[in-house]
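**Student:** Here is my input, please return the structure:
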Amino acid sequence: MATGIFAFAARLLGISPDVVKVIATLIAIAVALGSAWGGYELIKHRGAEEVRSQIQKENADAMVKGIDAGRSFDDCVAAGGVYDFRRQRCAGATPGAR
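**Tutor:** Below is the predicted model:
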């Protein structure tokens, strides 16, 4: 079937059937390479999106943790304590109002 199509194309264009077969082979190779490249790009971008979304989630979590720590610091200072940044907690706060 393919041979008949190649022969018809060769007669239509007025060139050798061997040249048509070479051109058809090159076109098939180009299509295969294009498909492989497209698949590679799809996988690469999908992976980049996953990494990007994980980084955004980590940033959001860090922001919430920072806000909570800031509130803890403010509460500690308001209670008359000293905030220990290394242990991330209030030290020396006296219970009750002053």
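**Student:** For the protein, just list every one of the helices.
**Tutor:** 2-13, 17-78 (DSSP state H).
**Student:** now the longest one: how far from the chain's centre is it?
**Tutor:** Same thing as helix 17-78. Centroid separation for helix 17-78 versus its chain: 2 Å, with C-alpha atoms, centre = their mean, to the nearest Å.
**Student:** helices and strands around that helix, which ones?
**Tutor:** Other elements packing on helix 17-78 under the criterion 3 or more C-beta pairs under 8 Å, 6 or more residues apart in numbering; DSSP states H and E are helix 2-13, strand 82-84, strand 89-91. No exception for glycine: its C-beta is placed from N, CA and C like everyone else's.
**Student:** And the spatially most central residue of the chain, what's its pLDDT?
**Tutor:** By C-alpha atoms, centre = their mean, the chain has its centre lying nearest to A48, at 1.7 Å. Looking at A48, its pLDDT is 85.
**Student:** quick one on the thing from earlier: including mean pLDDT, could the helices and strands packed on helix 17-78 go into CSV?
**Tutor:** Below are the helices and strands packed on helix 17-78 laid out as CSV (pLDDT from 0 to 100):
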stretch, mean pLDDT
helix 2-13, 75
strand 82-84, 81
strand 89-91, 78
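**Student:** okay if I get those as CSV plus mean neighbour count and distance to C76?
**Tutor:** Listed next are the helices and strands packed on helix 17-78 as CSV, based on neighbours: other C-beta atoms under 10 Å; distance: least, C-beta to C-beta, whole Å:
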stretch, mean neighbour count, distance to C76
helix 2-13, 12, 81
strand 82-84, 14, 5
strand 89-91, 14, 3
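**Student:** Would you mind giving those as CSV with distance to V64 added?
**Tutor:** Output for those, formatted as CSV (distance: least, C-beta to C-beta, whole Å):
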stretch, distance to V64
helix 2-13, 63
strand 82-84, 18
strand 89-91, 18
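**Student:** Contacts only, for L13.
**Tutor:** V20 (C-beta atoms under 8 Å, 6 or more residues apart in numbering).
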